[in-house]
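# only geometry, no sequence info:
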RNA sequence: CGCGGGGUAGAGCAGUCCGGUAGCUCGUCGGGCUCAUAACCCGGAGGUCAUGUGGUUCAAAUCCCAUCCCCGCAA
């Protein structure tokens, strides 16, 4: 099939790769503009652009898709379908109307749950045991279009965001390829999203990553995992901003100390008291430092052992 | 020229301001204790203090200069 692909981050790369591997013709790739990133504010291309250029696929990076010229350009590409995966831009109705089969979206949740920008994080934050991807027929709303093909995936015990992200990205690629095969045979059925059970997963703000040890251990552990490895859940230990990774529930019940108090450090990590129970955190990252095993960190920062996470 | 931290033993750090014997917590090796141990006790090995064979000095991990490398924040 002749396709146009729209996507930006690492999550979308897996889908683009899968479409290429499946032999689809990618007429062009739309992605967001290069943005200043990293040390020195270097201008970096989005991951999708890197892959597209490596395959000599034309890349377009319009500011948005509302312009008349941009839309004419898309029409000229004459795609059978537009595949969208984490593009980060809204598609106006004029764009949705261009392809014969419309625009299909790869969304990283089992709709109608977790519509929006950060479904994977929200899913882990809420302690879900199952997630998945949904191929959706896009409409003018935000992730409100008809469902075409869902694919579920169990979340592993203590699985961090990064791991689930990678597995969902892979599943997304497999599922969009499968969906297109069904579409070509006319076997893809559109099912409206149920009204009940819909939820919205907003973009992550940095303050969302601030941990509160007053919460039960289970919720603290979920919060750590939801932002592991990026951008990293954090708390203050003394004057130092500490990021925490690799959390699991150490004790489910009871009060073992003041919330945020360090109970023990060993090879498996640092054990921190919560409002109820305690969590074990395997790795930490101090201000200006790199991520390392908790026991290694505290070996060199023993005075911090008496501080309270807050 | 976005802001900032750092390079000292296998790991994580202190020492640098105020130059003067290379230190801490671990790991490792050997020995001891123990029914036993990831526990405890004793002992040992392991460092050109990133680089220059740079400058200052009687003397540089420490002060000055230059170069290389690493990392965090923010987006």
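Perfect, I can see it now. None of the values given here were measured: they were computed from a predicted structure.
# what's near enough to touch whatever residue of the stretch 51-200 of chain A ends up closest to RNA strand B?
Residue of the stretch 51-200 of chain A nearest RNA strand B, by CB to the nearest atom of the strand: residue A:88 (11.9 Å). Using the backbone N, CA and C atoms, a C-beta is placed for each residue, glycine as well. Counting by CB atoms under 8 Å, 6 or more residues apart in numbering, residue A:88 makes contact with A:8-9, A:32.
# ok, and the closest non-adjacent residue to residue A:265?
residue A:298 (5.0 Å; CB to CB, 6 or more residues apart in numbering).
# cool, residue A:87 as well?
residue A:6 (4.2 Å).
# ok so the one you found is a helix residue?
No. Using DSSP: H, G, I helix; E, B strand; the rest coil, the secondary structure at residue A:6 is strand, not a helix.
# so it makes contact with residue A:29?
Yes. Using CB atoms under 8 Å, residue A:6 is in contact with residue A:29, at 7.4 Å.
# ok, those two, which is more surrounded?
Using other CB atoms under 10 Å as the criterion, residue A:6 and residue A:29 rank with residue A:6 on top: 28 against 25.
# which other helices and strands contact the longest helix seen in chain A?
In chain A, with assignment by DSSP state H, the single longest helix is helix A:161-184. Helices and strands touching helix A:161-184, by 3 or more CB pairs under 8 Å, 6 or more residues apart in numbering; DSSP states H and E, are helix A:10-21, strand A:81-85, strand A:103-107, helix A:119-125, strand A:130-137, strand A:146-154.
# tell me which residues of it are tucked away?
For helix A:161-184, burial by neighbour count (16 or more other CB atoms under 10 Å) applies to A:161, A:163-165, A:167-173, A:175-180, A:183.
# now swap in stretch A:85-92 and tell me
Under 16+ other CB under 10 Å, the buried positions of stretch A:85-92 are A:85-87, A:89, A:91.
# List the contacts of stretch A:189-201.
A:109, A:111-119, A:121-123, A:137, A:144-148.
# Now narrow the residues you listed to whatever sits close to RNA strand B.
Applying CB under 7 Å from any atom of the strand, the subset of the contacts of stretch A:189-201 adjacent to RNA strand B is empty.
# Would you show me how to pick out the buried ones of these in ChimeraX?
Selecting only the buried entries of these in ChimeraX, with 16+ other CB under 10 Å as the criterion:
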select /A:109,111,112,113,114,115,117,118,119,121,122,123,137,145,147,148
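# Now residue A:111: closest residue in space that isn't a chain neighbour?
Closest to residue A:111 by CB to CB, 6+ apart is residue A:134, at 4.4 Å.
# Likewise for residue A:123?
The nearest residue in space to residue A:123 (CB to CB, 6+ apart) is residue A:131, at 4.9 Å.
# Rounded mean pLDDT for the longest helix of chain A, please.
Computed over helix A:161-184, the mean pLDDT rounds to 96.
# Tell me the helices and strands packed up against the longest strand along chain A.
Longest strand of chain A, by residue count under DSSP state E: strand A:240-251. Packed against strand A:240-251 by the contact rule (3+ CB pairs under 8 Å, 6+ apart) you find helix A:217-226, strand A:233-237, strand A:278-285.
# could I get the ones you listed as JSON lines with mean pLDDT?
Compiled in JSON lines, the helices and strands packed on strand A:240-251 are given as follows (pLDDT from 0 to 100):
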{"stretch": "helix A:217-226", "mean pLDDT": "95"}
{"stretch": "strand A:233-237", "mean pLDDT": "92"}
{"stretch": "strand A:278-285", "mean pLDDT": "93"}
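# what's the domain layout of chain A?
A:2-184, A:206-306 (automatic domain parsing).
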